[in-house]
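Dropping the sequence and predicted coords here.
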Amino acid sequence: MTTTTLAVLVPLLPFLGSVAGLLLGRTAPGFVRPLAVLPTLAAAVLAVLVAIRQGGDEVIEASTQLTPTGSVPIDLSLYIDGFAALVAVLVGVIATCVQIYSTGYLRDDPRYPSYAALVSLFTSAMLLVVYSGDLMVLLVGWEIMGICSYFLVGHYWETPEARAASLKAFLVTKLGDVPFLIGLFALATDAGTFRITGVLDTVEKGGLDHPTLIALLLLAGVAGKSAQFPLHTWLPDAMAGPTPVSALIHAATMVAAGIYFTARLLPVFAESAAAMTVLAVMAAITMVGSALAALAQDDIKRVLAYSTIGQLGYMAGALAVGDRGAAVFHLISHGAFKALLFLAAGTVIHAAGTNSLTAMSRMSGLAKRVPDAYWTMTVALLALAAIPPFAGFFSKEAVLVAAEHTALGDRAGVPAGAGWTVLVAGLLTALLTAAYALRLWLRTFRGRGAEAPDHGRQPIAMTTVLWVLAIPSLGFGLTVTYVDDWFDGHALTPTVTTAVLGTGLAAAGAVITYAVWRTLAARTGPVQPPAPHVAHPDADAGLVEAEALHLPHPAEDPADPGRALLGPLHAPAADGFHLDAVYRAAFVRPVLAAASLVRFLDREVVDTYVRAAGNSAQGLGWLVRRAQTGNIQTYLSALLAGSVVLVIAAVALANAVAGA
């Protein structure tokens, strides 16, 4: 079988599995799990075979014209370079792990068939984005992921949080997709083609007429999809969906799409120094802001969500300094340990027997009860904190090294200011990342909350996946000297300067956090159950639940090191620096006010004229009906009177004419 045929099957198999799962979900439920796992597993195996045959230094390209569209044709084409080959392997492996994990996590969920089918469709759409060589076909996968995320985030649609989160994710990403679509059309107009190879050839020849405008329009879509400031606010709320969905979105699909798209078309962005500067500033704000927000969260999944935003900021920062190899290397490394973090968190939640117990202040005794999650999450948090020799150390160092080279002027065509911006923000984020990673570990596994009921040993499908993902989280970075061919032949090895600075700051963040935690634990002592009392009917739902479990409210937890470390920044950081409030004031309320005005005008003005026209016809009909008495004498009298009036009017008119 040719490599091209294998590549075509990679996105096709999950799509067919999705269709079959939807068709047979009700009539043949026994086939649902095999149809969820096997096509995705087969796609992952084929993606590995494609990567092996591609070899890193050979481009696989094939195309056929999809349909005649005039001056700019749309082609059904493949374009697989080293980046595409490795990212496809990442997507296939993570999606397979998520599907296997979900068979245990959602084994009693009545909507599992539709869930599994949507996950397969989600996977297929991302693989289409990765392998596509035509921007319009890529856009199809891009938008399918958006609608899949809407349904999956809203899986628990009975809860208002899930409904609101799914709608918010859809609308915020669409806000970026509108300029993104305009940017694609503008790019195709300048290049004369939607083919990625054609676009890159045009850029190489200097044929783009509006590089800055195109790059900024495309960056809007990237910011929405990959949760970059200021369009990142949807991602923390998306935690309302099932935890395996969070793992898929954060590790291999959706948010990875924007970074991958920018990496593939990086020469387009590099044509504009202004666009690269904007990308660097956006990445810096995303990194630091999300790390501060993560340090203030009490919900374990929201900590991980803000962590994802920060790591995406690292990837965007690598792209801003012109190094797509470092960006994709960190994307793949991050995909492994972030999927492990979410799935381990899901195991913790599953052990508690409820999807709502995600507050770290309410956790206790979990290290012994869920040892698989404990050890594998420890590995993943060390990778997240970039502690050597874990995977995150090597990939994050690649980003910092790229920023250092740009800051020192070693990379032509990229502003040195962008390099300094990314380097300083990256080092500060390394300090904060280690702080919130250790805080999460301490409060989850060494916490003093009320211990939730023990629901027994977790399903083998869940625990096996955790150990499978622990392997690349620990060892993928060690391959850094062997994967150069897949990254444009560019070396990604750390340097002494950034390694010492990055690791030293990470160690400092961890030491400070641990010291603060020990001090607070000694000062506050064991948590005492509060005296029972009746809560006010309008009390916050989280407070009511905390009181029911005899726990302190998260906002009042005295043993939280994040509160002490952030000080006055804790409240705004916990609320995401009030960006949602700003958006409500700047966009939501004006739109609602405009909608109310339109509704008023429609009801009181437009409908008034419509009703008046109907009432006039009705009144005229009433008059005509009153005149139809059926009396012949009345009709003759009216005819005679009318004739007399007409004669008088005619005579008067004739006299007037004669007198003139």
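Arrived safely, thanks for sending. It should be emphasised that the depicted structure is a prediction, and the values quoted were computed from it without experimental measurement. Numbers count the residues shown, from 1 in each chain.

By mean pLDDT, which helix or strand of this protein comes out lowest?
helix 541-548 (a mean of 33; mean pLDDT, DSSP states H and E).

Do a quick rundown of the strands in the stretch 401-550 of the chain.
Using DSSP state E, counting those that start in this stretch, no strands are assigned anywhere in the stretch 401-550 of the chain.

Give me the below-cutoff pLDDT ranges for it.
Scanning the stretch 401-550 of the chain for pLDDT under 70 picks out the ranges 448-457, 524-550.

so what pLDDT did Leu384 get?
On the pLDDT scale, Leu384 is placed at 96.

That one contacts Tyr306, correct?
No. With contact defined as C-beta atoms under 8 Å, Leu384 does not reach Tyr306; the gap is 11.8 Å. Yep, even glycine has a C-beta here, placed from its N, CA and C like the rest.

In stretch 220-232, which residues are buried?
Counting neighbours by 16 or more other C-beta atoms under 10 Å, one finds that the buried residues in stretch 220-232 are 220-229, 231-232.

Of the residues you listed, which is the nearest to Pro73?
Closest to Pro73 out of the buried residues of stretch 220-232 is Gly221 (22.5 Å), distances taken as C-beta to C-beta.

Is that closest one in contact with Val172, as I believe?
No. Counting by C-beta under 8 Å, Gly221 stays clear of Val172, with 11.6 Å between them.

Next SSE downstream of the longest helix seen in the chain?
The residue-count maximum for a helix in the chain (DSSP state H) belongs to helix 160-191. As assigned by DSSP states H and E, the chain's next helix or strand after helix 160-191 is helix 196-204.

Counting neighbours, go ahead and name the busier of Leu384 and Tyr306.
Ranked by neighbour count (other C-beta atoms under 10 Å), Leu384 and Tyr306 place Leu384 first, with 30 against 26.

Would you check how far apart the more buried one and Val500 are?
Noted for Leu384: a distance of 20 Å to Val500, by C-beta to C-beta, to the nearest Å.

and if you look at Val93?
Distance from Val93 to Val500, by C-beta to C-beta: 33 Å.

Those two: which is more packed in?
A side-by-side neighbour count of Val93 and Val500, using other C-beta under 10 Å, places Val93 first with 25 against 11.

close enough to count as contact, that one and Val45?
No. Shown here, Val93 and Val45 do not form a contact pair, counting by C-beta under 8 Å, at 9.7 Å.

where does the stretch 101-250 of the chain have low pLDDT?
Judged against pLDDT under 70, the stretch 101-250 of the chain has no low-scoring part.

circling back: max pairwise distance over the buried residues of stretch 220-232: which two?
Gly221 and Phe229 (14.5 Å).

pretty sure Leu474 is touching Phe390, no?
Yes. If you go by C-beta under 8 Å, Leu474 and Phe390 touch, sitting 5.9 Å apart.

which one of these two has more residues nearby?
A count of neighbours by other C-beta under 10 Å puts Phe390 above the other of Leu474 and Phe390, at 24 against 20.

Find the nearest non-adjacent residue to the residue nearest to the spatial centre of the chain, please.
Centroid check for the chain by C-alpha atoms, centre = their mean gives Val255 as the closest residue, at 4.6 Å. Sequence neighbours aside, Ser226 is the residue nearest to Val255 in space, at 5.0 Å (criterion: C-beta to C-beta, 6 or more residues apart in numbering).

which residues does Arg26 contact?
By C-beta atoms under 8 Å, 6 or more residues apart in numbering, the contact set of Arg26 is Pro113.

Regarding it, what is its secondary structure?
Three-state assignment for Arg26 (DSSP: H, G, I helix; E, B strand; the rest coil): coil.

repeat for Asp75
Here Asp75 is strand, with the state taken from three-state DSSP.

again with Gly70
coil.

Read off the pLDDT value for it.
As predicted, Gly70 sits at a pLDDT of 70.

can you count the residues close to it?
As a burial measure, Gly70 scores 6 neighbours (other C-beta under 10 Å).

in terms of contact, does Ala336 touch Leu474 like I think?
No. Judged on C-beta under 8 Å, Ala336 makes no contact with Leu474 at a distance of 9.2 Å.

Give the residues shared as contacts by those two.
383, 391.

follow-up on the earlier one: ok, then the element right after the least confident helix or strand of the chain?
Scanning forward in sequence from helix 541-548 by DSSP H and E, the next helix or strand is helix 561-566.

so how far is that following helix off the chain centroid?
Centre-to-centre, helix 561-566 and its host chain are 28 Å apart (C-alpha atoms, centre = their mean, to the nearest Å).

neighbouring contacts of it?
Under the contact criterion C-beta under 8 Å, 6+ apart, helix 561-566 has outside partners 292, 295-297, 435-436, 439, 442, 512-513, 516-517, 520, 557, 570, 573.

which element follows that helix toward the C-terminus?
Next helix or strand after helix 561-566 toward the C-terminus (DSSP H and E): helix 570-574.

mind listing what's buried in that next one?
Those would be 570, 573-574, for helix 570-574 by 16+ other C-beta under 10 Å.

out of these, who's nearest His330?
Checking these against His330 with C-beta to C-beta, the nearest one is Ala573 at 24.2 Å.

My read is that that closest one contacts Leu292, right?
Yes. Contact criterion C-beta under 8 Å: Ala573 and Leu292 qualify, at 4.7 Å.

I'd say Leu492 and Phe329 touch.
Yes. If you go by C-beta under 8 Å, Leu492 and Phe329 touch, sitting 5.4 Å apart.

Who has more neighbours out of the two?
With neighbours defined as other C-beta under 10 Å, Leu492 and Phe329 compare such that Phe329 has more, 31 against 24.

can you pull the contacts of the more buried one?
Residues counted as contacts of Phe329 (C-beta under 8 Å, 6+ apart) are 394-395, 398, 480, 483, 487, 492.

at 6 Å instead, please
Contact partners of Phe329, counting by C-beta atoms under 6 Å, 6 or more residues apart in numbering, are 395, 398, 492.

Over to Leu340?
Residues near Leu340 by C-beta under 6 Å, 6+ apart: 376, 380, 469, 473.

Can you get me a residue count around the closest residue to the last one other than its chain neighbours?
Distances taken as C-beta to C-beta, 6+ apart place Phe337 nearest to Ser473, at 4.0 Å, with adjacent residues excluded. Counted by other C-beta under 10 Å, the residues lying close to Phe337 total 29.

Phe337 looks like it's in a strand, true?
No. Under three-state DSSP, Phe337 sits outside any strand and is assigned helix.

hang on, it packs against Ala380?
Yes. Judged on C-beta atoms under 6 Å, Phe337 makes contact with Ala380 at a distance of 4.4 Å.

which residues are common contacts for these two?
Counting by C-beta under 6 Å, 6+ apart, the residues touching both Phe337 and Ala380 are Ser473.
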